[in-house]
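**Q** predicted structure and sequence below. I'll ask about it afterward.
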Amino acid sequence: MIPLHNDTEGSELARGLTLVRGQSNGTGRYDCNPISTAAILLADILPTLVIKLTAPFFIHHIPYGYRVVLCSLTALASFLVVCFSVSTSMSILGVVFASVSSGLGEFTFLSLTSFFHSDVVSYWSSGTGFAGLLGALSYSGLTQAGMSPRHTVLLMVIIPIVLWISYFHLLLRPGELSNWTIQTTCRRPECQPIIERPDSEVRESRLTFSKRVFIIRGLLKYMIPLGMIYFAEYFINQGLFELLFFRKCALNHDGQYRWYQTLYQCGVFISRSSGNCFHLQRIWILAILQILNMIFLLFEVWYAFIPSIWIIFVIILYEGLLGGGGYVNTFRNIRLESPEEEREFAMGAASVADTLGIALSGAVALPFHDHMCRLD
């Protein structure tokens, strides 16, 4: 499977929209962007949050093929809208399209992993980690080489095309999984009928609303720590990265920000690819470490006591390792612990945790950024 972006949900577009940094205010204590990157984050994450909050209760009525088609079309629209944008509001509309594609894509593909071997969760996590790293490296590398942000983002239209080809022509689906019809995949009477066979009568899902709520309550031991990890992680990324500016550095402010994102994605890719090597059930340990990471960088933003950007680079790589480790271990644990008849629903429903954490971080990072930028 070729996943859409997950963490960076609209990641290439969010990086492409650093073009709004073009009119920074260099007169204050911080070299601030007039439009906070947290504003871009909120445009990128809120549609995803709405999808993930509601999808667990209706998405089982929509066959996978239709979902993937919609993911591909909205991803394509997102790149084209941003490329031909003539205003900031139009560019943010492109981010909204990316968010719809991302939210539906992550929910769909995480649910789809329940039809395959448990190792597929690790492959999925590694793939999303690589997607973020590839997006960061391609944007940073191409713009550093002289290509404009507009042409760089336009080049990314190949991504939804590759997604389409990989799902419909390369993925070996189980025989009971249909793209276009609702059919039943249950082999036992107590199983939830997820899809109905073409020659069978469509049945109502046997996972009732109250049962779904009960399953979600059981997932909170993993969802709450994952949400905390992502809150701290994205507060750093969207509230602090822009303020961690080293004036005596060979890289300008835009360059520093791009490489912060690249190193973060590198850490995410490494840790998300480690799912089959290192297993951790106590996700709350990673949550505490990430919160401490956020507090440390908050002190650095205020007091500027770190002498070299290279130290920040190491901390950001560590931040990515914590975030990716929390993600892959959360979904691996849920995959292994959920009964077969609940697994598809549980995998999709739990994905709201990271999105909620990101949304809350954006809501906090936006006023924090504005406050810091008003300081002399």
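**A** Yep, it's here. Numbering: from 1, shown residues only.
**Q** how many residues are close by G65?
**A** By other Cβ atoms under 10 Å, the residues close to G65 number 16. Any C-beta I mention is one placed from the backbone N, CA and C, and that applies to glycine too.
**Q** pLDDT value on it, please?
**A** For G65, the pLDDT comes out at 90.
**Q** try A349
**A** 89.
**Q** and the pLDDT at the residue lying closest to it once chain neighbours are set aside?
**A** Of all residues not flanking A349 in the chain, P56 sits nearest, at 4.3 Å (Cβ to Cβ, 6 or more residues apart in numbering). The model reports P56 with a pLDDT of 84.
**Q** and what of A365?
**A** Reading off the model, A365 has pLDDT 85.
**Q** I'd say it and Q238 touch.
**A** Yes. Counting by Cβ atoms under 8 Å, Q238 is a contact partner of A365 at 4.8 Å.
**Q** strands along the protein, start to end?
**A** For the chain, no strands turn up when DSSP state E is the criterion.
**Q** how close does the residue lying closest to S273 once chain neighbours are set aside sit to L110?
**A** Spatial nearest neighbour of S273, chain neighbours left out: S126 (4.0 Å); criterion: Cβ to Cβ, 6+ apart. Here S126 is placed at a distance of 14 Å from L110 (Cβ to Cβ, to the nearest Å).
**Q** swap in I309?
**A** In terms of Cβ to Cβ, I309 sits 36 Å off from L110.
**Q** same question for P47.
**A** From P47 across to L110, the span is 17 Å (Cβ to Cβ).
**Q** again with L251
**A** From L251 to L110 the distance is 36 Å (Cβ to Cβ).
**Q** equivalent analysis for I215, please.
**A** Note on I215: its distance to L110, by Cβ to Cβ, is 15 Å.
**Q** cool, and L317?
**A** Using Cβ to Cβ, L317 is found at 26 Å from L110.
**Q** before we move on, what about F305?
**A** In terms of Cβ to Cβ, F305 sits 41 Å off from L110.
**Q** between these two, tell me which one has more neighbours.
**A** Using other Cβ under 10 Å, the more surrounded residue of F305 and L110 is L110, with 25 against 7.
**Q** now for the nearest residue to the more buried one once chain neighbours are set aside: which residues touch it?
**A** Counting by Cβ to Cβ, 6+ apart, L110 lies nearest to M347, which is 4.6 Å off, once chain neighbours are set aside. Each residue near M347 by Cβ atoms under 8 Å, 6 or more residues apart in numbering is listed here: 110-111, 113-114, 121, 331, 334-335, 338.
**Q** hmm, try it at 6 Å
**A** 110-111, 114 (Cβ atoms under 6 Å, 6 or more residues apart in numbering).
**Q** do M372 as well
**A** By Cβ under 6 Å, 6+ apart, the residues touching M372 are 30, 243.
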